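Peer 1: below are the sequence and a predicted model for it; my questions follow.
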Amino acid sequence: MIKIKLVTSEKIEIIETGTGLSLLDILRKNGYPVYAPCGGKGTCGKCMVNIKGKGNVISCTYYPDENIEVILPGVNETNILISQTEYLEDLPFKNNNKHISSKPYGVAIDIGTTTLVLYFLNLHSGQIEKIASLLNPQNSYGADVISRINYCQEHENGLTELQCTIINALNRELDLFRTEEKIDSSNFEKIIIAGNTTMLHILLGENPVSIALAPFKPEFIDKQTREGASTGLNVHNKAEVVTLPCISAYVGADIVAGLAALKAFHRNYLFLDIGTNGEIALLKGNEIFMCSAAAGPAFEGAGLSCGMGAVSGAISGFTRQKEYQVIGNTEPLGICGSGMVDIVAWLVENDLVDETGQLQDNFVIYNKNSIHITQQDIREIQLAKSAIYSGMKILLKRAGLSFKDIDALFLAGGFGNYINIKSALKIGLLPYGLRDNIYPVGNSAGIGALQYLKSDDFENKINKIVMNTQYIELSNIEEFTMEFALNMNFSKKN
Ligand code: FES
């Protein structure tokens, strides 16, 4: 056995472990999630930690065989979207009075690939008493759903490990609220969960592997209801735990809940959630068309030479005057998705990147920490923006519409909220023709789960969306490949 002393900004702990495990594995198993976008494959170089006397090491390729002291990077500030906006429903609370505890609470949870948000609702008064947000600790198993599915496939207890990681994180938040409010875990009697299809599978301990393999058939897409005792959550044994319905392997309950939460009075509109997949919904009257475009992790800050998540130290914005904003106002350590979109827009505007995406020279943003943009970074952004734009075009074609017929484009989720829309138009991620009708809506998935908790009527809205949706699998559409190639370029006109 060897001893590993772990030093964080909050505490020092000494753990004992056997040899033969990577440092990343040891840290994960002991509840110290390290950001590891490639899931521990040794290819992204981002899972760096500092070992006293040795300096920085890539934790997934470092196998300790002696006592060491590890200084872990602090993640003390993150951009996590919890907000309610005027575009989202705020339904009146309807108390059904059928409670199983004297002080009943409900929790609406949005399990994102990157972040978790919990809304605690008093089921007597209808008041939201707390909103908690945190990074999804599964980030140390990969930045995107595919890395996490791979982990489940490649490790004997991978699914259980990932499931425990999320359940433990949720239980920590439930316990914290319980202690603050001096209530018992049996007071949590209704839990409503939105999330993408993979996150929901892992949460419920269902095998997600088929999500990543053609023909992309998940174990379930319908609403799932479980009794509290069977979920591992610290809630009433008989609590109703509901995961909202999904549409397909890559259009999950987060999109369904988000779309249902939207107060849209337009006839034709687009709803877009940009992450590692761009999930897109097009509403044409009562008809709904949906697809998911594989954008890759660039907009999450992963897969880029100096990319990082939207946490402390990330450059999240870049102005026309070449000034950058850093999350947490600290020294820049890397660039997150919104910063990257700004920087690429600036490079295009200033002719340092041409229409085909050719970058004149590596572009240095911050010399000291060698933060720069490479040609490969530009290519990653081109692939990502083209996938999403092309996905929108395919849906429009299927509906017999063009961008001119669209009254509004709603942007869901954190990235949609934090990107500079002008920059997104400039790089061709969003359609220039809709420039005056683009609205970031806030955390629509979480707010959707919350509406489901507040009002029984909301379930009808969800069910209607599920019934009226035509799902379009882009990998089956030949035209998508052509569109994808056509939309790779940048336009100087935008
Ligand atoms: S290099 Fe270790 S997680 Fe990517």
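Peer 2: It's in.
Peer 1: the stretch 1-150 of the chain: helices as residue ranges?
Peer 2: Shown for the stretch 1-150 of the chain, the helices assigned by DSSP state H, counting those that start in this stretch span residues 23-29, 145-154.
Peer 1: out of those helices, flag the one nearest residue 70.
Peer 2: Ranking the helices of the stretch 1-150 of the chain by proximity to residue 70 (CB to CB) places helix 23-29 first, at 7.0 Å. C-beta here means a position set from N, CA and C on the backbone, and glycine is covered the same way.
Peer 1: which SS class is residue 348?
Peer 2: With DSSP: H, G, I helix; E, B strand; the rest coil as the basis, residue 348 sits in helix.
Peer 1: quick one on the thing from earlier: any idea which of the helices of the stretch 1-150 of the chain scores lowest on pLDDT?
Peer 2: Ranked by mean pLDDT, those bottom out at helix 23-29, which scores a mean of 90.
Peer 1: ok, and what's touching it?
Peer 2: Here helix 23-29 makes contact (CB atoms under 8 Å, 6 or more residues apart in numbering) with 4, 6, 15, 17, 21, 33-34, 36, 40, 47, 49, 57, 59-60, 62-64, 70, 72, 140-141, 161, 165.
Peer 1: near the ligand too, which of those?
Peer 2: Among those, the residues within reach of the ligand (CB under 6 Å from any ligand atom) are 36, 40, 47, 60.
Peer 1: count the neighbours of residue 182 for me.
Peer 2: 7 (other CB atoms under 10 Å).
Peer 1: as JSON lines, the helices of the stretch 1-150 of the chain with distance to residue 407 would be great.
Peer 2: Below are the helices of the stretch 1-150 of the chain laid out as JSON lines (distance: least, CB to CB, whole Å):
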{"stretch": "helix 23-29", "distance to residue 407": "46"}
{"stretch": "helix 145-154", "distance to residue 407": "32"}
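Peer 1: among the ones you listed, which comes closest to the ligand?
Peer 2: helix 23-29 (6.2 Å; CB to the nearest ligand atom).
Peer 1: give me the buried positions along that closest one.
Peer 2: With burial defined by 16 or more other CB atoms under 10 Å, the residues of helix 23-29 counted as buried are 23-28.
Peer 1: export those residues as CSV, with columns for distance to residue 443.
Peer 2: Below are these laid out as CSV (distance: CB to CB, whole Å):
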residue, distance to residue 443
23, 34
24, 30
25, 32
26, 34
27, 29
28, 27
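Peer 1: out of the contacts of helix 23-29, which are buried?
Peer 2: Among the contacts of helix 23-29, those classed as buried by 16+ other CB under 10 Å are 4, 6, 15, 17, 33-34, 36, 40, 47, 49, 57, 59-60, 62, 64, 70, 72, 140-141, 161, 165.
Peer 1: wait, residue 203 touches residue 168, no?
Peer 2: No: with contact defined as CB atoms under 8 Å, residue 203 does not reach residue 168; the gap is 11.8 Å.
Peer 1: so which of the two has more stuff around it?
Peer 2: Using other CB under 10 Å, the more surrounded residue of residue 203 and residue 168 is residue 203, with 24 against 12.
Peer 1: and the gap between that one and residue 197?
Peer 2: 11 Å (CB to CB, to the nearest Å).
Peer 1: likewise residue 269?
Peer 2: Counting by CB to CB, the gap from residue 269 to residue 197 is 24 Å.
Peer 1: which secondary structure element contains residue 325?
Peer 2: Using DSSP states H and E, residue 325 sits within strand 324-326.
Peer 1: mean confidence score for that strand?
Peer 2: Mean pLDDT, strand 324-326: 91.
Peer 1: mind listing what's buried in it?
Peer 2: Here strand 324-326 shows 324, 326 as buried, counting by 16+ other CB under 10 Å.
Peer 1: same question for stretch 99-116.
Peer 2: 99, 101, 104-116.
Peer 1: please apply the same query to stretch 386-401.
Peer 2: 386-399, 401.
Peer 1: same deal with stretch 249-264?
Peer 2: Neighbour-count burial for stretch 249-264, counted by 16+ other CB under 10 Å, picks out 249-262, 264.
Peer 1: try stretch 312-322
Peer 2: For stretch 312-322, using 16+ other CB under 10 Å, the buried residues are 312-318.
Peer 1: gap between it and the chain center?
Peer 2: Put simply, stretch 312-322 sits 21 Å off its chain's centre (CA atoms, centre = their mean, to the nearest Å).
Peer 1: assumed residue 290 was part of a strand.
Peer 2: Yes: secondary structure assignment (three-state DSSP) places residue 290 inside a strand.
Peer 1: buried set for the strand or helix carrying residue 339?
Peer 2: Assigning secondary structure by DSSP H and E places residue 339 in helix 337-349. For helix 337-349, a neighbour-count test (16+ other CB under 10 Å) marks 337-349 as buried.
Peer 1: tabulate those residues (a markdown table), appending pLDDT.
Peer 2: Below are the buried residues of helix 337-349 laid out as a markdown table (pLDDT from 0 to 100):
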| residue | pLDDT |
| --- | --- |
| 337 | 91 |
| 338 | 92 |
| 339 | 95 |
| 340 | 95 |
| 341 | 95 |
| 342 | 96 |
| 343 | 96 |
| 344 | 96 |
| 345 | 96 |
| 346 | 95 |
| 347 | 95 |
| 348 | 95 |
| 349 | 93 |
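Peer 1: quick one: contacts for the closest residue to residue 196 other than its chain neighbours?
Peer 2: In this structure, residue 196 finds its nearest non-sequential neighbour in residue 252, 3.5 Å apart by CB to CB, 6 or more residues apart in numbering. Going by CB under 8 Å, 6+ apart, residue 252 touches 194-200, 246, 279.
Peer 1: the residue nearest to residue 206 when sequence neighbours are not counted in helix, strand or coil?
Peer 2: Closest residue to residue 206 apart from its sequence neighbours, by CB to CB, 6+ apart: residue 219 at 4.5 Å. Classification of residue 219 using three-state DSSP returns coil.
Peer 1: surely residue 219 and residue 202 touch.
Peer 2: No: counting by CB under 8 Å, residue 219 stays clear of residue 202, with 11.1 Å between them.
Peer 1: joint contacts of these two?
Peer 2: residue 208.
Peer 1: who has more neighbours out of the two?
Peer 2: Taking residue 219 and residue 202 together and counting by other CB under 10 Å, residue 202 has the greater number of neighbours (29 against 15).
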